[in-house]
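# Okay, here's the prediction I keep looking at, along with the sequence it came from:
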Number of protein chains: 2
Amino acid sequence: MPTTPDQVRHALEQYIKAWGSKDKELLLSLFAEDGTLEDPVGTPAFRGHAGIGGFWDFAHQGKGRQVTPRLEEIRACGNQGILRFTMEVRIPDKKQGLNLSIIEHAEFDDNGKIRHLRAFWDESSVSAPEGWDLFAPNIEEAYAQ
Amino acid sequence: MPTTPDQVRHALEQYIKAWGSKDKELLLSLFAEDGTLEDPVGTPAFRGHAGIGGFWDFAHQGKGRQVTPRLEEIRACGNQGILRFTMEVRIPDKKQGLNLSIIEHAEFDDNGKIRHLRAFWDESSVSAPEGWDLFAPNIEEAYAQ
């Protein structure tokens, strides 16, 4: 049976929850074993739990870095969904941070797992939190691994 | 060569222009010959220029109906894009109308044409313009054809 809109919505809510609670196991459990993540679309996909787990580890490296997803909207239609959120990164000690506005398109397999997740953002999606300096990570480094 | 983000952005701008200027020919020219449109995702796809043209004709039937797309955002990454807009439908004679908030995911082929366009909206995406009565078209009728 194809995944339903209710299942899509629930899984995308769990995806946000996983980022908010730093729960790598929960995040990986949402993807099919051979699921892919393009983040952003146009860069090589991270493949399978090993690849996506490596991306997760990169996103959580760095000391004193807080990563909080602020959900804006979930849309679920058929076995697919759209997720809009802002990833708020903060390094309180340095008073540095960034807000990254992300829109994702998710396709699910028939087991309720994410088959393809595609993140849409570019340089224009990045902004500094008001009153903070812009934290400028070396994004290219992430994709060179 | 894969379609570039600049080409994706331009084509999605033309897509909005086609709706705004009621230019069916322009709209169809943006799709591959065998392109598909799922509107909304989860309903059977309109296939090829004949199928998508039929959808266009349905959307423009009815006397005195004005259809205006209000662009909110285009994101282009790789050979794909996200389009957010509100379709404003107005029947001034009856003071009826509706605003339909739509998010679309577009995938392009290597010729700069749309291969798949997927529209995300549901009942919760519909609202009445302030001070107007809600225009409630028979959506199911559109997909029964």
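Received the coordinates, thanks. Treat the numbers as computed from the prediction; the structure is a model and nothing was measured.
# C-alpha only now, for contacts and for neighbours.
Fine.
# what residues does chain A put near chain B?
A:40-43, A:75-82, A:103, A:105, A:120-122 (Cα under 8 Å from any Cα of the partner chain).
# hmm, try it at 10 Å
By Cα under 10 Å from any Cα of the partner chain, the residues of chain A that approach chain B are A:4-5, A:39-43, A:75-82, A:102-105, A:118-122, A:124-125.
# Just the buried residues out of those, in PyMOL syntax.
Selection command for PyMOL covering only the buried members of these, criterion 16 or more other Cα atoms under 10 Å in any protein chain shown:
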select buried, chain A and resi 4+5+39+40+41+42+75+76+77+78+79+80+81+82+102+103+104+105+118+119+120+121
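# Among the residues of chain A next to chain B, which ones are in strands?
A:75-77, A:80-82, A:102-105, A:118-120 (DSSP state E).
# For chain A, which segments count as strands?
Taking DSSP E as the criterion, chain A carries its strands at A:31-38, A:46-47, A:66-77, A:80-91, A:96-108, A:114-120, A:126-127, A:133-134.
# okay, those in JSON lines with mean pLDDT next?
JSON lines is the format used below for those (pLDDT from 0 to 100):
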{"stretch": "strand A:31-38", "mean pLDDT": "98"}
{"stretch": "strand A:46-47", "mean pLDDT": "98"}
{"stretch": "strand A:66-77", "mean pLDDT": "96"}
{"stretch": "strand A:80-91", "mean pLDDT": "96"}
{"stretch": "strand A:96-108", "mean pLDDT": "97"}
{"stretch": "strand A:114-120", "mean pLDDT": "98"}
{"stretch": "strand A:126-127", "mean pLDDT": "96"}
{"stretch": "strand A:133-134", "mean pLDDT": "94"}
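# Could you dump the ones you listed into TSV and include distance to residue A:10?
Below are the strands of chain A laid out as TSV (distance: least, Cα to Cα, whole Å):
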stretch	distance to residue A:10
strand A:31-38	13
strand A:46-47	23
strand A:66-77	9
strand A:80-91	10
strand A:96-108	12
strand A:114-120	12
strand A:126-127	27
strand A:133-134	33
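# Out of those strands, flag the one nearest residue A:13.
strand A:66-77 (8.0 Å; Cα to Cα).
# Grab the CA positions of the closest one and hand them over as CSV.
Output of strand A:66-77 as CSV, limited to C-alpha atoms (Å, rounded to 0.1, in the frame of the first residue of the first chain):
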residue,chain,number,x,y,z
GLN,A,66,23.3,24.5,19.0
VAL,A,67,21.1,23.4,16.1
THR,A,68,17.4,24.0,16.4
PRO,A,69,14.8,23.4,13.6
ARG,A,70,11.9,25.9,13.6
LEU,A,71,9.0,24.3,11.7
GLU,A,72,7.1,26.6,9.4
GLU,A,73,4.9,24.2,7.4
ILE,A,74,4.3,20.6,6.4
ARG,A,75,2.2,19.7,3.3
ALA,A,76,1.4,16.1,2.7
CYS,A,77,-0.2,14.9,-0.6
